[in-house]
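Give the three-dimensional model of this entry:
(2 chains)
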Protein chains: 2
Amino acid sequence: MSKTMENIREYLVLMKEKELKEALAEVPLPELIEQWDSLSEEEEVKIFTGLTIEQKVDLITSLALSKQEALITSLTGEHLKILLAEMDPDDLTDFIQSVSPEVREAVWNALGEEAKRETQFLLKFDEDDAAGLMTPRYLALRSSLTVAQALTWVRKSAASIETIYYIYILDQLQRLIGVVSLRDILAAENEELIENIMVKNVTSVFDDTDREEAAVILETYDFLALPVVDHYNRLLGIITFDDIIDVIREEQTEDIYKMGAMGGSTDPYLESSVFALVKKRIPWLIILLMAATITTNVIAHYQAVLQAAVVLAFFIPIVTGTGGNSGTQSATLMIRGLATGEIHFRDLRRILIKEILVGTTIGLTLGLLTIGRSMFFPPYISLDQAMAVGLAMTFVVIIATLVGTIAPVIIDRLGKDPAVMAGPLIATIIDVSGLTIYFETAKFLLKIN
Amino acid sequence: MSKTMENIREYLVLMKEKELKEALAEVPLPELIEQWDSLSEEEEVKIFTGLTIEQKVDLITSLALSKQEALITSLTGEHLKILLAEMDPDDLTDFIQSVSPEVREAVWNALGEEAKRETQFLLKFDEDDAAGLMTPRYLALRSSLTVAQALTWVRKSAASIETIYYIYILDQLQRLIGVVSLRDILAAENEELIENIMVKNVTSVFDDTDREEAAVILETYDFLALPVVDHYNRLLGIITFDDIIDVIREEQTEDIYKMGAMGGSTDPYLESSVFALVKKRIPWLIILLMAATITTNVIAHYQAVLQAAVVLAFFIPIVTGTGGNSGTQSATLMIRGLATGEIHFRDLRRILIKEILVGTTIGLTLGLLTIGRSMFFPPYISLDQAMAVGLAMTFVVIIATLVGTIAPVIIDRLGKDPAVMAGPLIATIIDVSGLTIYFETAKFLLKIN
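Residues are numbered from 1 along each chain as shown, chains lettered A, B, ... in the order given. Reported below is the predicted structural model:
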């Protein structure tokens, strides 16, 4: 913990209000956020009260939902109004959508007329669409203005509009016909007409464009903001880069959860109820358990082989485990490549050649290692047995690599999400084929009938 | 493929240069990038030549390295100079660091004097540090200027400087003493002094701050850019939001690779050699294989039990698999929570209580399911045997959940990366304890000595 944060706690205890305010002005916000859930509720309210209005807004939009609610509830009517007036309409809409009904009413009543109108407008759109990210506060001009006139207008609006660095040009029907950056306006001569310096081929997204697609577009062009239009090309709002960063982070959490065999919400862990966590986790465990029934029957099929050489049972976890690990590696590379747009179905042949080479190299290495290991470490087994395990391992790794490569690419081609579908499918195919190869190799090498 | 992209291919074949140029002006860049690796080298060069200079810069900085090199090599001296002059110094430095020596020389010779100086300056810093992301092109002013004077200066610089939306205030020793946004300048009166409207408590990072930390700071404050200072607080450069988005994406790939049991580079898959892929994947497979030796010995230890009831071998993959899956779920939630800063060591008690409840609920459900499954689906086993498997499953899930929860939090507390360390450790502990519980439960319920 930093010196400033320690001081803040001291001032809180000693009730030194003036020193507290001074220390709070100095504390870096990321640190305050990190320490926030180690504070008592009383401390939270005291610290929050001591912050500047900008700090309050930055803090509250960065905290988890339950913490936001607690702080909002602690504010008196007038202070709540001031805080809400400072919040961006898109943040405000997200907030209103997620709080409890009681808090929602208090917040709604404290909103100004314009904020109410903006929020009602934004609430019409789907959270997962581009429009769910937009703010209706942007600068729009007619193309017939001069640079000097535009600049005067920008200066008048600068205090009230958050994003003034792109100015959108609309026609009489509110259709988006151009965009000009503040930089281009500043670089141009005063008498120049906006229509001569504006970019006419505006990159925009529709209100129902997927928000991830909007993220990719903003990223590719390094835009500060992206206009959202309806299907008549009428400007509805703009998405700013900071909301895109939030989308990227959230999608990241979702992808990582999917890889960890979990679906559902990306709510913060500490905020989630036991029921919500069970609901998020149990479906995949049940699916994987049911799929493993097939594996169980494969082993049951080789009951006689096992009875003849019970030592073969020792290596079941190594065979399925190594198969699973190498299959997961290939699948991870494919799923990530598909998600970032690097890998396409058309590359499958090229990828397969690569993976066959990689799989064979790894398979042979691990097979030899397994044989070596079996000679020098317990449980000591015969060379024949070791050869059976090692050879099986080589095949299993090659098969696992290929399954892990092909399955996600095919699933993606069929229009399904490979991150969700690939897991149980790959696991089952690898376990079944891996154990079959293992027992067949053993039967052959150990001459069991 | 879109209509525009189809037209482009047609114009390429028919060698209609004018139509090609017009179509290229219309094609959305993200689509061009997506289609890029389906083009032949000849097509690539022809299309590239037909792009506007802005499109060229956007395209080349978005493509994979080998593609960049091919395009650069295709350019004649004069065209190369024009392209390089348009590139941001930070992108240029990254590019120079990664191309082959021959291309590097050609690029270097085509650079202007200022670009050479900037690149040499930037090359001094570590790629993984904040300074590795910065551009030395920013606007800096003295605090004694008026708003009108500042605005005149901004307008003069607007054409040549990329990021003019934040203006940094330096003292005589080049130390960073304030920052003012262009928005605040535009909103202020002409006669106002900059020192009265600038923010004095500037949020900055040091040149050797970790770049992930810089990303978190920019994200928390929703800044467009973040100043980088040396340890004397002298301004070295600024990091813009688009470079932070790249960092977030790259870290995301790294995290996902780690979860897929892979280390090393995050180079694009299609760009990586077979050798690089083997190197990235084999170390973890070997570590996991060695760890699985312990599991092998656990089963060997229960050889007599297996011989008495070979049916127990059928369920080994279900026990280790379900244990592994539920452990992975807990570990994924912890690793992600630790990475985003939501979870801290101090929360461990609270988390454990939650996970015990979640683990018990899931364990009991899966245990009952296993017993039910064993009664109605092959391989048919006795009720005693089914009870042994089901009860073991319940315990295994609870243990796995706890290990998956505790291990990452402890590893993180010890200052190690839980995403890297947790995998083999958790897998081994779960397999060993899971199989021990399984065989002991079976011994007890089936009365085997």
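
Where does the stretch 151-300 of chain A get nearest to chain B, which residue?
Nearest residue of the stretch 151-300 of chain A to chain B (CB to the nearest CB) works out as residue A:260 at 2.8 Å. Glycine gets a C-beta too; all of them are placed from N, C-alpha and C.

any idea how far that residue is from residue B:65?
Using CB to CB, to the nearest Å, residue A:260 is found at 31 Å from residue B:65.

neighbour-wise, which of the two wins?
residue A:260 (21 against 15; other CB atoms under 10 Å in any protein chain shown).

Just the element for the residue lying closest to the more buried one once chain neighbours are set aside, please.
Nearest residue to residue A:260, sequence neighbours excluded (CB to CB, 6 or more residues apart in numbering or on different chains): residue B:332, at 2.8 Å. Residue B:332 is part of helix B:316-339 when elements are defined by DSSP states H and E.

now residue A:172
Here residue A:172 is assigned to no helix or strand, by DSSP H and E.

in what helix or strand does the residue nearest the centre of chain A lie?
Central residue of chain A (CA atoms, centre = their mean): residue A:251, 1.9 Å from the mean position. Element membership for residue A:251, per DSSP H and E: helix A:241-259.

Just want the angle from that helix to helix B:241-259.
10 degrees (axes from the mean of the first three to the mean of the last three CA atoms, to 10 degrees).

I'd like the average pLDDT over the strand or helix carrying residue A:348.
Here residue A:348, judged by DSSP H and E, is contained in helix A:348-376. Mean pLDDT, helix A:348-376: 90.

The helix or strand following that helix packs against which elements?
Past helix A:348-376, further along toward the C-terminus, the next helix or strand under DSSP H and E is helix A:383-413. Helices and strands touching helix A:383-413, by 3 or more CB pairs under 8 Å, 6 or more residues apart in numbering or on different chains; DSSP states H and E, are helix A:311-314, helix A:316-339, helix A:348-376, helix A:418-445.

related to what we said a few turns ago, skip the chain neighbours and tell me the closest residue to the residue nearest to the centre of chain A.
residue A:212 is the one closest to residue A:251 (CB to CB, 6+ apart), at 6.0 Å.

interface residues of the stretch 101-250 of chain A facing chain B?
Proximity of the stretch 101-250 of chain A to chain B (CB under 8 Å from any CB of the partner chain) is limited to residues A:154-155, A:158-159, A:164-165, A:182-184, A:186-187, A:201, A:203, A:216-217, A:219-222, A:224, A:241-242, A:244-245, A:248-249.

Give me the below-cutoff pLDDT ranges for the stretch 201-350 of chain A.
Low-confidence segments of the stretch 201-350 of chain A, defined by pLDDT under 70, are located at A:264.

neighbouring contacts of stretch A:298-308?
Under the criterion CB atoms under 8 Å, 6 or more residues apart in numbering or on different chains, residues A:312-313, A:316, A:431-432, A:435-436, A:439, A:442-443, A:446, A:448, B:310-311, B:313-314, B:316-317, B:378-379 lie in contact with stretch A:298-308.

buried set for it?
Neighbour counts using 16 or more other CB atoms under 10 Å in any protein chain shown place A:298, A:299, A:300, A:302, A:305, A:306, A:308 of stretch A:298-308 among the buried residues.

Same question for stretch A:75-85.
So stretch A:75-85, judged by 16+ other CB under 10 Å, has buried residues A:75, A:80, A:81, A:83, A:84.

do stretch A:140-152 as well
So stretch A:140-152, judged by 16+ other CB under 10 Å, has buried residues A:141, A:143, A:145, A:146, A:147, A:150, A:151.

For the second one, give me its contacts.
So that's residue A:143. Taking CB under 8 Å, 6+ apart, we find residue A:143 in contact with A:169, A:171, A:177, A:178, A:193, A:194, A:195, A:198.

pLDDT score assigned to the second one?
Model confidence at residue A:171, expressed as pLDDT, equals 94.

between the helix holding residue A:348 and helix A:383-413, how big is the angle?
Orientation of helix A:348-376 against helix A:383-413 (the same axes, to 10 degrees) gives an angle of 150 degrees.

Let me know which of the helices and strands packed on helix A:383-413 is tucked in deepest.
Counting by mean count of other CB atoms under 10 Å in any protein chain shown, helix A:316-339 has the highest mean neighbour count of the helices and strands packed on helix A:383-413, with a mean of 26.

List the beta-bridge partners for residue A:205.
residue A:228 (DSSP bridges).

Apologies, that question was intended for residue A:178.
Beta-bridge pairing of residue A:178, defined through DSSP bridges, involves residue A:169.
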